[in-house]
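Participant: Need a 3D model of the following:
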Amino acid sequence: MLDVLPTIQAYSTKYKRTDIVFDVYRPSSLKAETRSKRGCGVRRRVTGKGKIPSNWRNFLRENDNKAELFNFLADKIARVATPNVVIVTKEEDAVSNRTINLAGVAPCSHEEADTRIFVHARHATEAGSKVIMVKASDTDVVVIAVSVLQALQELGLQQLWVAFGQGQHLRWVPVHDLCCTLAEKSKGMLFFHAFTGCDVVSAFRGKGKKSAWQTWDVCDEASGVFSKLSQYPPVVDDEDLKTLEKFVVMMYDRSSTAEGVDDAEVGHVCSKQRPYEAIPPTRSALKQHVKRAAYQAGCIWSQSTVRQPETQTPANWGWTKKGDLWQIVWTELPPIAESCQQLTKCGCKSECCSRCKCYCFGLTCTALCSCRCKV
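Facilitator: Predicted coordinates for the structure are as follows:
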């Protein structure tokens, strides 16, 4: 509190309006599994008289701690006397230190602050703001800003800036100039960013954003698919998959003549003797990856300025629900132990018994096995 309130008061003297947007933590979130892997923290009550946690990482691992902290801050901020308007989110609602109409920002069903920021940006633009500055340290925010700029400009916005980074690494990104530089590519940035890896979509092993961007420069046909899947509602058809397969093949090997990732895998392993981790994914795995990227880009990010966006179940887009958690469907292919039982080998030290892998699959032990039964 000692740092938050003075910062807000300083902002309110520089800017006409200050909006503070917090995340909302839901049990069925796509990020819930990722958060659970970070471990569990200790639950602590957040009160005005409580001590500041000595271990912030441990405190922030517990979602209930963060939710209660954000609500506590929202109530305190809403009572701060400042020269200009301050609006702060409180779960799905929003509160302000002035009596103003908040119908344009609440109730809001966005879970992540990354997208909800732009609901507030739209509300500010409709209220007459010509220049907006967003302070964030997440690449997702910059990418979303690029995608929503045109819609905000149609409402009267002239400049959109993103203050990206912290301390001496802070950079002011002029999104309005960046969009002019990107030209047509700005229309496909949402899907490109999700497809090449983000918080809820995996990245290609050994291939970062730079490699993918360089591939986009020489694979113009991907632009149409990137643009299409950056819009709501996303629809992935066979032609889109073929184009994306070609893009992935080029990303892994510009000299490859293969049209599909399965053919490229055979070439990489057999003729070029590359390790398994340096080859493209299978077509089945890529299909699920494309669906997850399309869901994140087209269903979530593309509706960033909509207060109550339309929703679709992740079950149709590369996830499956187990209990309260959404888990990734990596591929529809069966495990290799089921599809290629000939590769199964046992580690029995003597005669095989009922616990032996070969015995369970009804296979004859081979030279791969270490038992006495091998032929």
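Participant: Quick one: the helices in the stretch 51-200 of the chain, in order.
Facilitator: With helices called from DSSP state H, counting those that start in this stretch, the stretch 51-200 of the chain shows them at 56-60, 63-78, 113-126, 139-154, 175-182, 189-195.
Participant: Show me the one of those helices that comes nearest Ile300.
Facilitator: Ile300 lies closest to helix 113-126 among the helices of the stretch 51-200 of the chain, at 6.5 Å (CB to CB). (C-beta placed from N, C-alpha, C; glycine too.)
Participant: Please parse this protein into its domains.
Facilitator: What the record gives for the chain is the domain set 1-108, 337-375, from automatic domain parsing.
Participant: is it possible to export those to a markdown table including mean neighbour count, mean pLDDT and distance to Met250?
Facilitator: Shown next, in a markdown table, are the domains of the chain (neighbours: other CB atoms under 10 Å; pLDDT from 0 to 100; distance: least, CB to CB, whole Å):
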| stretch | mean neighbour count | mean pLDDT | distance to Met250 |
| --- | --- | --- | --- |
| domain 1-108 | 15 | 88 | 29 |
| domain 337-375 | 13 | 69 | 29 |
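Participant: possible to save these as TSV with distance to Ala136?
Facilitator: Output for the domains of the chain, formatted as TSV (distance: least, CB to CB, whole Å):
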stretch	distance to Ala136
domain 1-108	10
domain 337-375	45
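Participant: Compare these and give me the one nearest Ala222.
Facilitator: Between those, domain 1-108 lies closest to Ala222; by CB to CB that is 25.1 Å.
Participant: coming back round to it: which stretch among the helices of the stretch 51-200 of the chain comes nearest Glu221?
Facilitator: Short answer: helix 189-195, nearest of the helices of the stretch 51-200 of the chain by CB to CB, at 13.7 Å.
Participant: Between helix 139-154 and the very next helix or strand once past the closest one, find me the angle.
Facilitator: Remark: after helix 189-195, the chain's next helix or strand is helix 209-218, criterion DSSP states H and E. Helix 209-218 runs at 50 degrees relative to helix 139-154, counting by axes from the mean of the first three to the mean of the last three CA atoms, to 10 degrees.
Participant: tell me what helix 209-218 is packed against?
Facilitator: The contact analysis (3 or more CB pairs under 8 Å, 6 or more residues apart in numbering; DSSP states H and E) places helix 209-218 against helix 189-195, helix 222-228, helix 238-252.
Participant: want to throw the ones you listed into a markdown table with mean pLDDT, mean neighbour count and distance to Thr7?
Facilitator: Output for the helices and strands packed on helix 209-218, formatted as a markdown table (pLDDT from 0 to 100; neighbours: other CB atoms under 10 Å; distance: least, CB to CB, whole Å):
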| stretch | mean pLDDT | mean neighbour count | distance to Thr7 |
| --- | --- | --- | --- |
| helix 189-195 | 98 | 27 | 29 |
| helix 222-228 | 97 | 20 | 38 |
| helix 238-252 | 94 | 19 | 42 |
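Participant: Arg171 against Leu178, yeah?
Facilitator: No - shown here, Arg171 and Leu178 do not form a contact pair, counting by CB atoms under 8 Å, at 11.6 Å.
Participant: In terms of neighbours, single out the busier of those two.
Facilitator: Leu178 (17 against 9; other CB atoms under 10 Å).
Participant: What sits closest to the more buried one if chain neighbours are left out?
Facilitator: Val146 (6.2 Å; CB to CB, 6 or more residues apart in numbering).
Participant: pLDDT (mean, whole number) over stretch 117-131?
Facilitator: For stretch 117-131, the mean per-residue pLDDT is 97.
Participant: Give me the contact list for it.
Facilitator: 16-17, 19, 21, 87, 104-105, 108, 110, 132, 134, 136, 141, 144-145, 148, 151-152, 155-161, 304-307 (CB atoms under 8 Å, 6 or more residues apart in numbering).
Participant: of those, buried ones?
Facilitator: Those of the contacts of stretch 117-131 that meet the buried threshold are 17, 19, 21, 87, 104-105, 108, 110, 132, 134, 136, 141, 144-145, 148, 152, 157, 160-161, 304-307, by 16 or more other CB atoms under 10 Å.
Participant: How many neighbouring residues does the residue nearest to Leu178 have?
Facilitator: Count around Val146 with other CB under 10 Å applied: 23.
Participant: Wait, it touches Lys185, no?
Facilitator: No - between Val146 and Lys185 there is no contact under CB under 8 Å: 9.2 Å.
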